[in-house]
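**Student:** please work out how this folds:
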Amino acid sequence: MNQDTRRLQKVSDDVRDEYLVYRAREPRLAIPEENSSSLRRIPKLEDPADHSKLGLVPRRADLDMNHHVNNVTYIGWVLESLPQEIIDSHELQTITLDYRRECQHDDIVDSLTSVEPVEDAELVSKIQGTNGSTAATENNEDLRQFLHLLRVSGDGLEINRGRTEWRKKHAR
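**Tutor:** The predicted structure follows:
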């Protein structure tokens, strides 16, 4: 911050060089990239989807100060089109969202969901880990994957693509 103008300014090269000696030589990532399932491409969900919830409308509480829908609302809308039996029998293990376009306060949104086949449960569990759970997923029947699409009703503009991965709830 410039002390005279009280405004942000670009960091000069000499100041940057002074602080570079303290940075780590290799970047330290919270999730190593080779283990990150979020690097898998999320394909576009084509019509007809297996499940849908049409006509979702942003509420005032869903908007930020720029009148854009906030990211937490997108998660709720993605889950709206998921079958209730999955929510009852499975627990969310991972969610990956790919934001494509801002959603405005006057947009009407369609939420579409389709099953994505689980290719290899062992590979998925290696990629995902157990997310801190002692109940690791054992087989393909316990894993369910879904592709999601949020789009503007009418013109079909993509707002968001997503993938959710669910594992069977274990009896308590």
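
**Student:** for this protein, what spans make up the strands?
**Tutor:** With strands called from DSSP state E, the chain shows them at 51-56, 90-99, 109-116, 143-152, 158-168.

**Student:** out of those, the one nearest residue 23 is which?
**Tutor:** Evaluated with CB to CB, the strands of the chain place strand 90-99 nearest to residue 23, the distance being 28.7 Å. Placement of C-beta: from N, CA and C, glycine included.

**Student:** deepest of the strands of the chain, which one?
**Tutor:** strand 143-152 (a mean of 22; mean count of other CB atoms under 10 Å).

**Student:** what does that one rub up against?
**Tutor:** Strand 143-152 is contacted from outside by 42-45, 49, 74, 77-78, 81-82, 86, 90, 103, 107-118, 121, 124, 137, 157-168, using CB atoms under 8 Å, 6 or more residues apart in numbering.

**Student:** hmm, back to that, can I get the strands of the chain in JSON lines including mean pLDDT and distance to residue 69?
**Tutor:** Formatted as JSON lines, these follow (pLDDT from 0 to 100; distance: least, CB to CB, whole Å):
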{"stretch": "strand 51-56", "mean pLDDT": "96", "distance to residue 69": "10"}
{"stretch": "strand 90-99", "mean pLDDT": "93", "distance to residue 69": "10"}
{"stretch": "strand 109-116", "mean pLDDT": "95", "distance to residue 69": "8"}
{"stretch": "strand 143-152", "mean pLDDT": "95", "distance to residue 69": "9"}
{"stretch": "strand 158-168", "mean pLDDT": "94", "distance to residue 69": "8"}
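
**Student:** out of the ones you listed, which comes closest to residue 20?
**Tutor:** strand 90-99 (31.8 Å).

**Student:** on that earlier part again, out of the strands of the chain, flag the one nearest residue 11.
**Tutor:** Comparing those by CB to CB, strand 90-99 comes nearest, at 28.4 Å.

**Student:** quick revisit: wait, which of the strands of the chain is closest to residue 19?
**Tutor:** Nearest of the strands of the chain (CB to CB): strand 90-99, 31.7 Å.

**Student:** sounds good, over and out.
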